[in-house]
Every structure is written in C-alpha cells, then in structure tokens.
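Engineer: coords please:
(2 chains)
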Amino acid sequence: AQKVTQAQTEISVVEKEDVTLDCVYETRDTTYYLFWYKQPPSGELVFLIRRNSFDEQNEISGRYSWNFQKSTSSFNFTITASQVVDSAVYFCALSEGGSNYKLTFGKGTLLTVNP
Amino acid sequence: NAGVTQTPKFQVLKTGQSMTLQCAQDMNHEYMSWYRQDPGMGLRLIHYSVGAGITDQGEVPNGYNVSRSTTEDFPLRLLSAAPSQTSVYFCASSPTSLLVPEQYFGPGTRLTVT
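Structural biologist: Next comes the predicted model:
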C-alpha cells in the first residue's frame, strides 16, 4: 500500500525566514508521480508541482524549490524568504501506477508565517 | 471554462437522510474523483471514474455510491447519512494526457451530519 508521511503537523516562522516542509513516501511502484498542493485559509486546493519518479532533478520556481531524493524516498519543499501569504496547509501526495487521478495524500503541514 | 463545480457549498443533514453531492466539469476530462477531507487526516479517496460508465472504489468507499453516466458529471450519493460522514468533500478531474500535470479540484462541499 502507498503511504505519504508529513511528520511536521505545524510550523511557525517569522516573515523572511526560509522554511522546509518534509515529505516521505512509500510505494512499490517503479513509476509514480509526486505532488505538492497548497490549501490557503479560503479552502481551495492549489496545485504547486508534479514530479515523476524518473526525474530527480531539483526544481525551483521563484521562492519555491523542491528536492526529490529517491534514495531516501523524500520530496521536500522549501520556501525561501517566506511571506505572510504563504500561510496555508501544504499537502504532499503520491499517485499510483503513474496516474494523475488516484492520489494518496499526506496529512498536511500547517505553515503559519508571522509578520 | 467554469472548471470543476460542486453544489451545494454547504449542507446540513440529519442522521439517516440521503442526499447527492453534485460535481460537474466542462474540460472534457476522462478522469474524475471524489475525496473527503477530515481534520488532521489529509484528503482520502472515496471513489473514482476513468470514464463514462466506469467507476471504482478508493480508500474509503463505505456509505457512498457513485455513477458516471456522462463525461461531465460525477455525483456522489449518501444513502443514509451518518455523523462519521461529516467532512469536506472535494471533487477533482484530470485528463488522460499525462502532459497535463495536475488534478483540477472543485471548491468543496462542507457537509455536517447531526
């Protein structure tokens, strides 16, 4: 069975600090996708990134970066110079068999960025 | 495009009542899914469909029925609501092409069963 673990339930930082959200996954599939979603206080789910199991390159998008390491089954997410608008629940998710439609989510990390 | 729409946004039911949560998408996506979100639990897959006429169970299917008669619609039925079904329900859709990376989520339906 697949499993996604986000060990950090809540993180609180002060604006402009860097913060890393951890994600560890378990799967027997050799082809899979990893995702990060953001859920702001308004409740909608905002897609951030998808990474496939064959691409271990790190990715950077503005203040966001992702570190994928198959050796440790981790897909960590770093926000550089955090801002109050980054306050949200962040979910890591894993898809089965390389699909886009059957996601296993972690329990989420609540990030609070204080001014 | 309206994307993925869900109705109603809020609903209160009494134990034993039945209701249908509606989900529609106008992107011609083959894949559609229902998730529930409970505090501290993340999102869990209830049912999913890979096309009209084809549905299958996810992680937490008990107490829910689905059908998919058209590509656009994927309703979720609660036959006899229970307090344990109090949750926020999200519908999602995605195309068959893996070139499109994301599942598109609806805004959610907050259901309370008393």
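
Engineer: give me the low-pLDDT residue ranges for the chain?
Structural biologist: No chain specified, so I'll use chain A. Low-confidence segments of chain A, defined by pLDDT under 70: A:98.

Engineer: Residues touching stretch A:26-39, excluding its own?
Structural biologist: A:1-5, A:23, A:25, A:45-54, A:66, A:68, A:73, A:75, A:77, A:88-100, A:103, A:105, A:108, B:101-102 (Cβ atoms under 8 Å, 6 or more residues apart in numbering or on different chains). Bear in mind the C-beta positions are built from the backbone N, C-alpha and C, glycine included.

Engineer: Just the buried subset of the residues you listed, written out for PyMOL, thanks.
Structural biologist: Buried members of the contacts of stretch A:26-39, defined by 16 or more other Cβ atoms under 10 Å in any protein chain shown, are picked up in PyMOL with:
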select buried, (chain A and resi 2+4+23+25+45+48+49+50+51+53+66+68+73+75+77+88+89+90+91+92+93+94+95+96+99+100+103+105+108) or (chain B and resi 102)
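
Engineer: Start and end of stretch B:13-25, how far apart?
Structural biologist: End-to-end distance for stretch B:13-25: 25 Å, by Cα to Cα, to the nearest Å.

Engineer: and what of stretch B:102-114?
Structural biologist: OK, stretch B:102-114 end separation, Cα to Cα: 35 Å.

Engineer: check whether that stretch contacts chain A.
Structural biologist: Yes - under the criterion of Cβ under 8 Å from any Cβ of the partner chain, chain A is reached by stretch B:102-114 at B:102-105, B:107-108.

Engineer: Centre of the chain to that stretch, how far?
Structural biologist: 7 Å (Cα atoms, centre = their mean, to the nearest Å).

Engineer: For that stretch, give the mean pLDDT please.
Structural biologist: Averaged over stretch B:102-114, pLDDT sits at 94.

Engineer: Would you mind listing the buried residues in it?
Structural biologist: Buried, per 16+ other Cβ under 10 Å, within stretch B:102-114: B:102-109, B:111, B:113.

Engineer: ditto for stretch B:47-57
Structural biologist: Neighbour counts over stretch B:47-57 (16+ other Cβ under 10 Å) mark B:47-50, B:52, B:55 as buried.

Engineer: Would you point out the most distant pair within the residues you listed?
Structural biologist: Greatest spatial distance among those (Cβ to Cβ): B:His47 and B:Ala52, at 14.4 Å.

Engineer: quick one on the thing from earlier: among the contacts of stretch A:26-39, name the ones in helices.
Structural biologist: When the contacts of stretch A:26-39 are checked against helices (DSSP state H), there are no matches.

Engineer: so the spatially most central residue of chain B is in which element?
Structural biologist: Taking Cα atoms, centre = their mean, the centroid of chain B lies closest to B:Trp34, which sits 3.0 Å from it. Using DSSP states H and E, B:Trp34 sits in strand B:31-38.

Engineer: quick one: contacts of that strand?
Structural biologist: With Cβ under 8 Å, 6+ apart, strand B:31-38 has contacts from A:99-103, A:105, B:21, B:23, B:25, B:43-51, B:58, B:60, B:64, B:66, B:68, B:74, B:76, B:87-96, B:103, B:108.

Engineer: Touching, A:Lys102 and B:Leu45? I think so.
Structural biologist: Yes - taking contacts as Cβ atoms under 8 Å, A:Lys102 lies within contact range of B:Leu45: 6.2 Å.

Engineer: and the longest strand along chain B, what does it pack onto?
Structural biologist: Assignment by DSSP state E gives strand B:42-51 as the longest strand of chain B. Strand B:42-51 is packed against strand A:88-95, strand A:103-105, strand B:31-38, strand B:54-57, strand B:64-66, with contacts defined by 3 or more Cβ pairs under 8 Å, 6 or more residues apart in numbering or on different chains; DSSP states H and E.
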